[in-house]
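**Q** structure, please.
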Amino acid sequence: MKDLEISSRIIRANDLVKSGKYDPYAILFYREKMKVEEIALRTAKLSGITGLPDWVDIVMPICEYCGRIATTRVTDFDGSIVEYTCDKDVKYTKGCGYKGRMRISNQRYKLFWRLDWPSRQDFLKVSAELAGIDHHTLGSSWTPRLLFIMKYSIRRPQLDIDLDLSSSMGKSTLNPRHWTWRPELLSFVPLH
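**A** The predicted model follows:
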């Protein structure tokens, strides 16, 4: 980044949660839960998945008793308080059985990743998104992000840049669609 004269700073996801940046999005997505699930199911079908796994929830609370997040399940949400049970068996660990309540404003949760991404792009005012071409294919993580952006008027990055990344060679290559870019944009494409 120094060679490109681009300043950067590391922003930790847990600091964003603790700052309350995700709270309005968590409330919005729960208020619109049926529509969110419809979008998620539509994009899952595009990926060849026939349904959503039972572990998918909009908010994933951190259990107050054992500290796990993968084993909690939301049982009720009124727009402010989340009720949850820590009872899921996710193969590598099991819930402790605790039943708890937490305020969204306490920020002891994570947003489901397919909702985290468009939310974060919105509140950070992301202007460009670089990702491997696998993220930009139909049914990939890019598809629901785009649908959530369109549905909820969330800010879309001005540039979505897909890179052809070869996992076998570990190199980035330019594909023909990059040939139409302005030369200054090509400086951001990592070539090895």
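
**Q** give the rounded mean pLDDT of stretch 126-135.
**A** Across stretch 126-135, pLDDT averages out at 69.

**Q** ditto for stretch 38-57
**A** Mean predicted lDDT for stretch 38-57 stands at 67.

**Q** can you get me the start-to-end distance on it?
**A** Using C-alpha to C-alpha, to the nearest Å, one end of stretch 38-57 lies 13 Å from the other.

**Q** list the buried ones in stretch 98-110?
**A** Of all the residues in stretch 98-110, those buried under the rule 16 or more other C-beta atoms under 10 Å are 98, 100, 102, 104, 107-110. (Glycine included, C-beta is placed from N, CA and C.)

**Q** in JSON lines, list these along with secondary structure, distance to Ser127 and pLDDT.
**A** Below are these laid out as JSON lines (DSSP: H, G, I helix; E, B strand; the rest coil; distance: C-beta to C-beta, whole Å; pLDDT from 0 to 100):
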{"residue": "Tyr98", "secondary structure": "coil", "distance to Ser127": "42", "pLDDT": "98"}
{"residue": "Gly100", "secondary structure": "strand", "distance to Ser127": "39", "pLDDT": "97"}
{"residue": "Met102", "secondary structure": "strand", "distance to Ser127": "34", "pLDDT": "96"}
{"residue": "Ile104", "secondary structure": "helix", "distance to Ser127": "28", "pLDDT": "94"}
{"residue": "Gln107", "secondary structure": "coil", "distance to Ser127": "26", "pLDDT": "94"}
{"residue": "Arg108", "secondary structure": "coil", "distance to Ser127": "31", "pLDDT": "95"}
{"residue": "Tyr109", "secondary structure": "strand", "distance to Ser127": "28", "pLDDT": "94"}
{"residue": "Lys110", "secondary structure": "strand", "distance to Ser127": "25", "pLDDT": "92"}
